[in-house]
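Novice: kindly generate the corresponding structure for this input.
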Amino acid sequence: MAAPILSYEGLGLVQGDGWLFRGIDLYVGPRDRLALIGRNGAGKTTLLKCLAGLIETDEGRRTIVPGKKVVLLEQDPSIPGFASLEDWVLAGEDAPAPYEAAAIAGQLGIDLARETATASGGERRRAAIVRALAQEPDVLLLDEPTNHLDLAAIDWLEDWLKRFKGAFVVISHDRTFLTRLTSSCIWLDRGTLRRAEIGFGGFDAWTERVYEEEARAAEKLDAKLKLELHWLQRGVTARRRRNQGRLAKLHEMRAQRAAMIGGPGAAKLGLARDDVKTKAVIDAERVTKGFGDRPIIRDFTLRVQRGDRIGIVGANGAGKTTLLKLLTGELQPDEGRVTLAKTLSGIVIDQQRKLMAPDKRVRDVLAEGGDWIDVRGHKTHIKGYLKDFLFSPEMTEAPVGSLSGGERSRLLLAREFARASNLLVLDEPTNDLDLETLDLLQEVIADYDGTVLIVSHDRDFLDRTVTVTLGLDGSGRVDVIAGGYEDWAKRRRATLPAAGRRVAAEESVAARTSASSGAASGKAKLSYKDQRDLDRLPQEIERIEGEIGKVELALADPKLYAENPRRFDELMTKAASLRVEKEAAEERWLEVAEMAEALSA
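Specialist: Alright, predicted model coming up:
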């Protein structure tokens, strides 16, 4: 094991009336890829700031190898007193070189000349990433780096981190991001820190084993103490197992939907069938919408049925919010029509969540100060309902102002889901939620009786919840795919090459071929090996993905580790090997695809 370049020994920090955490030992090696995981309010962000040296702790010793640079990407960076994003990015003693910042900004698609006063959340997040990466750190501390990023920016950041020669510690609710990038997990739980040398893909199985061991130890405790310590863990464990059954049901629903969808881009879902018509809640026919000369949505047709879970994906500015407003009747089309069922009654949970009064108690928010809440027509005791949303029963009296950001989001979800409705609209619902709350939200959506519309950049969340994905490419075209994000991504990979990568591909190939282009005679073409890889790799990647899916399905069996730990370890190793093989195949395919694109230009 390589010597650490950053460490904290005996770390302890008092917060409020007690210790937030104590006795924590944390070591970061030269090439570590660490996922920092814990519930909202556990202290993950605070721990990152301790590692960065920004917080003076009550106990412990921080050590860093001389000459090594640690950079923190904060979740909500403060940008006061700077006229433009560029002024902020290039400020400070450790300011990056202007050319480095400009190069990364170009890849992320951010104009650093933007005035800070008018910059959006996404633009501020991109500027913060530019500032952090361009400093050429040895250790990167990343706090929710994918928040406010679109899919193209997330893909670029993943590729950059894969090539990064330093170490990083990352907090993220994006399971796909964590699974693709991390090789070790550190779990902050009830003031203690555990570490396992497994990627995030093995995190759930690892925590299951920890909970089982704690449950056995808790048998020696009295019933009250056991309840206090383990009600949440038992709920999380049971939820994960139930969600496996829900995923099977979701795949059945996708198969049924696929039978109603035609070829790529088609969305005329059984328009002539009377039995389908009676179930329709939203009917969009040949809808077109634009602003000025730019088409946002063009010739779009879709019939949304009762019970559908519709995911909307695409780059920032591609038209996701416009499409959502068209489908809900908030915006009228320029051409075509959108018909809503007369009985449609919706609730909207958007990314600009309204702050609840900080002086109100949880009981006031949910039940107007009472003990009972009406949950979609059923009278439920507030304490039992709170447990369903991962709150302890004692939290009924807690003031809203004392809750963490994630806990406030959970309370908002609890309040909104209690209302009677048959349409649920979620605009970026996963921001600021921890992984356990995401499991909860997945469960609530699966059990919801009505129709769900979701705009999200969270790929794993979409794969776990939606039956149909609407993919926007920014040209006005909307692809309708039965399935989740990965099903849409496969469709995109089947085209050569993806539109979002074309400019970068041409620039990359131009750099490699400029020296020889003047001397070449006749029309250049791919070598035999390059052409062969170009033709065969899409099928090979699909085969590997199928193998990964089979392995992950086997690992999802909660009994596997207990009954056959050797088989569990074999499958974990195989999954890791397949992911490496897939990445290599994808990189090679992209390389030859770029070459082919440049030669055909």
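Novice: in contact with R376, which residues?
Specialist: Shown in contact with R376 (Cβ atoms under 8 Å, 6 or more residues apart in numbering): A418, R419, A420, S421. (Glycine included, C-beta is placed from N, CA and C.)
Novice: let's go with 6 Å and repeat that
Specialist: Taking Cβ atoms under 6 Å, 6 or more residues apart in numbering, we find R376 in contact with A420.
Novice: and it, how close does it get to A593?
Specialist: 50 Å (Cβ to Cβ, to the nearest Å).
Novice: next one: I481
Specialist: Per Cβ to Cβ, I481 is found 21 Å from A593.
Novice: between those two, which has more neighbouring residues?
Specialist: Remark: of I481 and A593, I481 carries more neighbours, 27 against 24, as counted by other Cβ atoms under 10 Å.
Novice: for the more buried one, give me the pLDDT.
Specialist: pLDDT recorded at I481 is 89.
Novice: contacting residues for it?
Specialist: T469, D487, W488, R491.
Novice: the last one: neighbour count?
Specialist: Put plainly, it is R491. Residues lying near R491 (other Cβ under 10 Å) number 16.
Novice: so which helix or strand takes in it?
Specialist: For R491, the host element (DSSP states H and E) is helix 485-493.
Novice: just checking, what packs against that helix?
Specialist: helix 459-465, strand 478-482 (3 or more Cβ pairs under 6 Å, 6 or more residues apart in numbering; DSSP states H and E).
Novice: would you turn those into TSV with distance to G202?
Specialist: Output for the helices and strands packed on helix 485-493, formatted as TSV (distance: least, Cβ to Cβ, whole Å):
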stretch	distance to G202
helix 459-465	15
strand 478-482	29
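Novice: now stretch 212-220: mean pLDDT?
Specialist: Per-residue scores along stretch 212-220 average to 69.
Novice: okay, buried residues for the strand or helix carrying A446 please.
Specialist: If you go by DSSP H and E, A446 is part of helix 435-447. Neighbour-count burial for helix 435-447, counted by 16 or more other Cβ atoms under 10 Å, picks out L435, E436, T437, L438, D439, L440, L441, Q442, E443, V444, I445, A446.
Novice: send the alpha carbons of that helix over as PDB?
Specialist: Extracted C-alpha coordinates of helix 435-447, given in PDB (Å, rounded to 0.1, in the frame of the first residue of the first chain):
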ATOM      1  CA  LEU A 435     -28.700   7.700  -1.200                       C
ATOM      2  CA  GLU A 436     -31.200   6.300   1.400                       C
ATOM      3  CA  THR A 437     -33.700   9.000   0.600                       C
ATOM      4  CA  LEU A 438     -33.300   8.200  -3.100                       C
ATOM      5  CA  ASP A 439     -34.200   4.600  -2.400                       C
ATOM      6  CA  LEU A 440     -37.200   5.900  -0.500                       C
ATOM      7  CA  LEU A 441     -38.200   8.200  -3.400                       C
ATOM      8  CA  GLN A 442     -37.900   5.300  -5.800                       C
ATOM      9  CA  GLU A 443     -40.200   3.200  -3.600                       C
ATOM     10  CA  VAL A 444     -42.800   6.000  -3.300                       C
ATOM     11  CA  ILE A 445     -42.900   6.600  -7.100                       C
ATOM     12  CA  ALA A 446     -43.200   2.800  -7.700                       C
ATOM     13  CA  ASP A 447     -46.200   2.700  -5.400                       C
END
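Novice: ok, whatever helix or strand comes next after that helix: who's next to it in the sheet?
Specialist: Scanning forward in sequence from helix 435-447 by DSSP H and E, the next helix or strand is strand 451-455. Strand pairing for strand 451-455, using DSSP bridges, gives strand 309-314 (parallel), strand 423-427 (parallel).
Novice: now the ones you listed in CSV, with mean pLDDT?
Specialist: Below are the strands paired with strand 451-455 laid out as CSV (pLDDT from 0 to 100):
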stretch, mean pLDDT
strand 309-314, 92
strand 423-427, 89
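Novice: out of those, which is closest to L571?
Specialist: strand 309-314 (28.8 Å; Cβ to Cβ).
Novice: what's the angle from that closest one to helix 485-493?
Specialist: Interaxial angle, strand 309-314 versus helix 485-493 (axes from the mean of the first three to the mean of the last three Cα atoms, to 10 degrees): 40 degrees.
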